[in-house]
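next input, structure requested:
(chains A, B, C and D)
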Amino acid sequence: MTLVYFSWIRETIGKSEEEIILPLDVTTVSGLIAHLKSLGEEYQAALAKPELLKIAIDQEYAGPDNSIASASEIAIFPPVTGG
Amino acid sequence: MTLVYFSWIRETIGKSEEEIILPLDVTTVSGLIAHLKSLGEEYQAALAKPELLKIAIDQEYAGPDNSIASASEIAIFPPVTGG
Amino acid sequence: MINIRVQSEAFNSAAEGENLRSGNLDIGATVAFTGYVRSEENSLTSMTLEHYPGMTEKQLDKIAAQAEERWPLDGLTIIHRYGKLLPGDPIVLVIAASRHRAHAFSAASFVMDFLKSEAPFWKKEDGKDGTKWIAAKDSDLNALKHWD
Amino acid sequence: MINIRVQSEAFNSAAEGENLRSGNLDIGATVAFTGYVRSEENSLTSMTLEHYPGMTEKQLDKIAAQAEERWPLDGLTIIHRYGKLLPGDPIVLVIAASRHRAHAFSAASFVMDFLKSEAPFWKKEDGKDGTKWIAAKDSDLNALKHWD
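Numbers count the residues shown, from 1 in each chain, chains lettered A, B, ... in the order given. Here you go, the predicted model:
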């Protein structure tokens, strides 16, 4: 599974994308976030505030309870500010 | 006093403007319309339907009861259709 | 800045937009409305717009002043053509400039609604059914109720 | 006709409007929204827009399709820039074309409201207070409620 990061989440984690192999018990968006936070300080800092996280599974918006079982690309980014 | 006409009211009356001297008892917009209708068939035809008449006194919209005492130019035209 | 013009010539909407902004870096949004001569199923040959010189400008000034009172605008342009126009020709341009988009949208829409019902213009169509003056639409009068 | 582009280059709003109309004589109205890089009191040096290639286009397609479902449109253009922009530079252009003005106004305004909250763009400002990512505004989320 590919993870992609944007904006200050990308900068705080320190990379724009990475391949990840998840433990079998990580099956939802919220489980993924919790798992990532266990990987190090930079993840903890970037993902500390759930209200500032937007998630897209294969380029469609997803909520915390969404399954990530069949996802190939998951994006994590802050609320958007275009226009 | 100058009267000016626009659109099909101008075409029906057959002139775009005219100078007129009014009887002393014609003091309001509705009085003016009634007086003009007495001047001939073309005025009767043009002014037959009050709901299709818009009046401006010195280039400001006016209603049937408005005084025309100090008017120098009165315009009669149908509802507008610009834009 | 308020720019109001009544003219027979065509206008250049991009140049008018640039002129309205004229380097004002507070402006975050412009909304430009353009109205065109329609011709459904090629029913129309040409259109002639008559207006009431003097009163037209006064009415447009008044509408622009009302828009500026209601919303914090950085600029407003109103250009309306008269004379003979062909299908597809632009008739009217309204551009509202503001810090924030909602004000620009509201102001441009407000100006068009009031222009339609208060600016003394009249359209005459030449088409396959002959020549006729266009009747005012109830929908245009009803549109004013949004702004009460 | 729906035209959607995400690009670093500037756009020409007049040419985009002509392209959208492209001789369709049913079109009576276009509403063109342009958003610009603001710089209050010259606080801003430059702005950099990041986006999520692929998802951006998908979201814009979806917003455009929703607008076409809600209103009878004859055309809709959405162009959004990314990369480094300077104060006063245009960021986004939305043009809605329709037979009647109210639909063009509504559609352009709807597209902007949803683009602001759903299209994955992020603005970073370089200015006299250093470099910072712009925070999303509650007012933009609230704007969506108009369309429920």
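
only C-alpha atoms from now on, for both contacts and neighbour counts.
OK.

which ones are touching residue A:19?
Residues counted as contacts of residue A:19 (C-alpha atoms under 8 Å, 6 or more residues apart in numbering or on different chains) are A:1, A:2, A:3.

go again using 6 Å as the cut-off
Residue A:19 is in contact with A:1, A:2, counting by C-alpha atoms under 6 Å, 6 or more residues apart in numbering or on different chains.

please name the bridge partners of it.
residue A:2 (DSSP bridges).

and the strands in chain A?
In chain A, the segments counted as strands under DSSP state E are A:2-5, A:17-19, A:54-57, A:60-62, A:73-77.

out of those strands, which is the most enclosed?
Among the strands of chain A, strand A:73-77 has the highest mean neighbour count (mean count of other C-alpha atoms under 10 Å in any protein chain shown), at a mean of 22.

what number of residues lie near residue 1?
All of this is about chain A. By other C-alpha atoms under 10 Å in any protein chain shown, the residues close to residue A:1 number 15.

please refer instead to chain C.
14.

surely it touches residue C:73?
No. The criterion here is C-alpha atoms under 6 Å, and residue C:1 misses it with residue C:73 at 8.8 Å.

tell me which element the residue positioned nearest the centre of chain C falls in.
For chain C, the residue nearest the mean C-alpha position is residue C:92 (4.1 Å; C-alpha atoms, centre = their mean). Residue C:92 belongs to strand C:90-98 when assigned by DSSP states H and E.

now that strand: average pLDDT?
Mean pLDDT, strand C:90-98: 98.

show me what the next helix or strand after that strand is packed up against.
Along the chain past strand C:90-98, the next helix or strand (assigned with DSSP H and E) turns out to be helix C:101-118. Here helix C:101-118 touches strand C:29-36, strand C:90-98, going by 3 or more C-alpha pairs under 6 Å, 6 or more residues apart in numbering or on different chains; DSSP states H and E.

next, the angle strand C:29-36 makes with the longest one.
Pointing back at strand C:90-98 there. Going by axes from the mean of the first three to the mean of the last three C-alpha atoms, to 10 degrees, strand C:90-98 is angled at 170 degrees with respect to strand C:29-36.

quick one: strands adjacent to strand C:90-98?
If you go by DSSP bridges, strand C:90-98 pairs up with strand C:29-36 (antiparallel), strand C:73-81 (antiparallel).

what's the closest of these to residue B:34?
Of all the strands paired with strand C:90-98, strand C:73-81 sits nearest to residue B:34, with 34.1 Å by C-alpha to C-alpha.

ok so, going back, of the strands paired with strand C:90-98, which stretch is the most buried?
When those are compared using mean count of other C-alpha under 10 Å, strand C:29-36 is most buried, at a mean of 27.

pull out the buried positions in the helix or strand just after it.
Once strand C:29-36 ends, the next helix or strand along the chain (criterion: DSSP H and E) is strand C:44-51. Within strand C:44-51, the residues that count as buried by 16 or more other C-alpha atoms under 10 Å in any protein chain shown are C:44, C:46, C:47, C:48, C:49, C:50, C:51.

just the CA trace of the helix or strand following strand C:44-51, in PDB.
With elements assigned by DSSP H and E, the helix or strand that comes after strand C:44-51 is helix C:55-70. The C-alpha coordinates for helix C:55-70 follow below in PDB (Å, rounded to 0.1, in the frame of the first residue of the first chain):
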ATOM      1  CA  MET C  55     -32.100  58.400 -17.300                       C
ATOM      2  CA  THR C  56     -30.300  55.200 -18.100                       C
ATOM      3  CA  GLU C  57     -27.000  56.500 -16.600                       C
ATOM      4  CA  LYS C  58     -28.900  57.900 -13.600                       C
ATOM      5  CA  GLN C  59     -30.600  54.500 -12.900                       C
ATOM      6  CA  LEU C  60     -27.300  52.600 -13.300                       C
ATOM      7  CA  ASP C  61     -25.600  55.000 -11.000                       C
ATOM      8  CA  LYS C  62     -28.300  54.500  -8.400                       C
ATOM      9  CA  ILE C  63     -28.100  50.700  -8.700                       C
ATOM     10  CA  ALA C  64     -24.300  50.800  -8.400                       C
ATOM     11  CA  ALA C  65     -24.500  53.000  -5.300                       C
ATOM     12  CA  GLN C  66     -27.000  50.600  -3.700                       C
ATOM     13  CA  ALA C  67     -24.700  47.600  -4.400                       C
ATOM     14  CA  GLU C  68     -21.800  49.500  -2.800                       C
ATOM     15  CA  GLU C  69     -23.900  50.200   0.300                       C
ATOM     16  CA  ARG C  70     -24.900  46.600   0.700                       C
END
